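1. 3D model of this:
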Amino acid sequence: MNQTAETYLASTEYNYDETEPCNTEDVKKFAARFIPPIYSLVIVFGFLGNALVVLIIIKYKRLKTMTDIYLLNLSVSDLLFVISLPFWAYYAADQWVFGNAFCKLLSGLYFVGFYSGLLFIILLTLDRYLAIVHAVLAFKARTVTYGVITSVFTWGVALLASLPGFIFYKAQQESEFTSCSPHFPHDQAKIWKIFVTFKINILGLLLPMAMMLFCYSRIICTLSKCRNEKKHKAVKLIFIIMITFFLFWTPYNVVYVLFTLQDFDLDSNCDKSKRLYRAMQWTESIAFIHCCLNPIIYAFAGEKFRKYLKKLMPKWTLCTYCLGTDRERLERQSSLYTPSTEQDTSAII
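-> Take a look at the predicted model:
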């Protein structure tokens with residue numbers, strides 16, 4: 001997150017002691033060149049992919065299952081996240097010019113999208129786990145009503161986790177630079193930094209990764225016992241989901257922890273801070289790309305979504321290869337499986 005880096009290095013000078021300020025102007029110039037193009041790509045592809053998922057669910061699927069509800073909410077979360085990025089891109093290129101109210105609002109909405117997106121990934125993982133490992137229980141638990149209730153609860157948790165963004169972020173003039181960054185109470189600043197760091201790492205990495213490892217390992221064990229030619233494709237997709245999440249989010253969370261720990265590092269110096277700041281810029285940009293991949297690995301990896309996309313864009317020929325050659329081939333493949341065997345993989349592909 002661009003603004004999370006600003007938590008600790010918001011101004012052009014970061015004082016390690018009162019006599020030797022650290023000039024970070026070169027780091028900011030690098031961010032001004034590097035961040036806006038990356039954010040622009042995330043904005044375009046993230047908005048397009050997630051908007052297509054929302055359109056297909058509303059137009060064709062119409063929220064008939066718990067999975068549809070979670071996919072819709074995940075896409076809305078990513079869209080909420082993406083919508084805030086143009087402002088942060090401009091902020092990285094220049095300075096904050098949108099006022100204090102917008103600083104608080106956009107910071108809060110950004111974190112709501114960030115946390116809700118990760119929480120809905122957890123719910124989608126649990127949904128697949130129930131559908132495959134506990135198929136009998138799934139008939140009672142995987143209902144639209146439960147989907148709506150858990151979604152409302154998830155948005156509430158995401159909003160609660162995002163309150164520091166609404167409360168502590170503010171626009172402030174610092175020398176000749178106007179920043180939009182968190183300003184914690186002076187006597188509690190380090191405690192708040194530690195709390196925010198642990199919260200982001202638990203909700204943003206440890207909890208989702210733990211749920212994926214448990215649920216998908218059980219799913220793979222269950223699929224290995226069933227006779228279904230599609231199970232190999234399902235297992236492959238599971239590994240793609242887990243590896244993608246790990247590769248895109250782990251570097252950012254590790255760097256975020258190191259950034260926080262430098263407040264307690266007696267050997268901290270200007271060069272080390274600059275390296276961490278650059279690492280934060282790279283890793284957060286990589287993490288942002290994940291919202292562009294969510295529509296692909298959670299929605300368009302499924303045959304039904306690809307059919308609906310072809311129906312929505314019949315003249316779109318650029319994705320003929322990835323969507324399949326024709327509808328009859330897909331229908332013929334699905335007819336090879338009985339309802340009982342298809343149930344083992346339909347929740348994934």
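2. Output stretch 254-267 in PDB, but only the C-alpha positions, please.
-> The C-alpha coordinates for stretch 254-267 follow below in PDB (Å, rounded to 0.1, in the frame of the first residue of the first chain):
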ATOM      1  CA  VAL A 254       7.600  -9.600   5.300                       C
ATOM      2  CA  VAL A 255       8.800  -6.100   4.200                       C
ATOM      3  CA  TYR A 256       6.000  -4.500   6.200                       C
ATOM      4  CA  VAL A 257       7.200  -6.200   9.400                       C
ATOM      5  CA  LEU A 258      10.800  -5.200   8.700                       C
ATOM      6  CA  PHE A 259       9.600  -1.600   8.200                       C
ATOM      7  CA  THR A 260       7.900  -1.600  11.600                       C
ATOM      8  CA  LEU A 261      10.800  -3.200  13.400                       C
ATOM      9  CA  GLN A 262      13.200  -0.500  12.300                       C
ATOM     10  CA  ASP A 263      11.700   1.700  14.900                       C
ATOM     11  CA  PHE A 264      13.200  -0.700  17.500                       C
ATOM     12  CA  ASP A 265      16.400  -1.300  15.600                       C
ATOM     13  CA  LEU A 266      19.400   0.400  17.300                       C
ATOM     14  CA  ASP A 267      21.500  -0.100  14.100                       C
END
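3. tell me the mean pLDDT for that stretch?
-> Stretch 254-267 comes out with an average pLDDT of 80.
4. Which helix or strand contains C180?
-> C180 belongs to strand 177-182 when assigned by DSSP states H and E.
5. Adjacent strands (with direction) for that strand?
-> Strand pairing for strand 177-182, using DSSP bridges, gives strand 169-174 (antiparallel).
6. Show me which positions of the partner strand end up buried.
-> Y169, K170, A171, Q172 (16 or more other Cβ atoms under 10 Å). Glycine gets a C-beta too; all of them are placed from N, C-alpha and C.
7. Could you check how far that strand is from the centre of its chain?
-> 27 Å (Cα atoms, centre = their mean, to the nearest Å).
8. sorry, back to before: out of the buried residues of strand 169-174, flag the one nearest to C270.
-> Using Cβ to Cβ, Q172 is the member of those that sits closest to C270, with 22.5 Å.
9. Which pLDDT value goes with the residue nearest to that closest one when sequence neighbours are not counted?
-> Once flanking residues are discounted, Q172 sits nearest to S179: 5.7 Å by Cβ to Cβ, 6 or more residues apart in numbering. Looking at S179, its pLDDT is 89.
10. how many neighbours does S179 have?
-> Using other Cβ atoms under 10 Å, S179 has 23 other residues around it.
11. picking up where we left off before, okay, the strand holding C180 in CSV with CA atoms only?
-> Backbone C-alpha positions of strand 177-182 (Å, rounded to 0.1, in the frame of the first residue of the first chain) are rendered in CSV as follows:
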residue,chain,number,x,y,z
PHE,A,177,5.0,18.6,0.6
THR,A,178,1.4,17.8,1.5
SER,A,179,1.0,14.3,2.7
CYS,A,180,-1.9,11.9,3.3
SER,A,181,-0.7,9.6,6.0
PRO,A,182,-1.6,8.2,9.4
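12. got a list of what F168 touches?
-> For F168, the contacting residues are P182, H183, F184, W192, by Cβ atoms under 8 Å, 6 or more residues apart in numbering.
13. how far away is the residue nearest to the last one when sequence neighbours are not counted from V196?
-> Leaving aside its sequence neighbours, W192 sits nearest to F184 (Cβ to Cβ, 6+ apart; 4.1 Å). Between F184 and V196 the distance, using Cβ to Cβ, to the nearest Å, works out to 9 Å.
14. And R142, by the same measure?
-> For R142, the distance to V196 - Cβ to Cβ - is 34 Å.
15. ok, now F245?
-> In terms of Cβ to Cβ, F245 sits 21 Å off from V196.
16. and what of S151?
-> The value you get for S151 to V196, if Cβ to Cβ is used, is 25 Å.
17. try V148
-> 30 Å.
18. Name the residue in those two with the higher neighbour count.
-> Neighbour count, other Cβ under 10 Å: between V148 and V196, V196 has more, with 21 against 14.
19. any idea which helix or strand carries that one?
-> helix 189-201.
20. Tell me what angle the helix or strand just after that helix forms with helix 189-201.
-> Later in the chain than helix 189-201, the nearest helix or strand by DSSP H and E is helix 207-224. Counting by axes from the mean of the first three to the mean of the last three Cα atoms, to 10 degrees, helix 207-224 lies at 20 degrees to helix 189-201.
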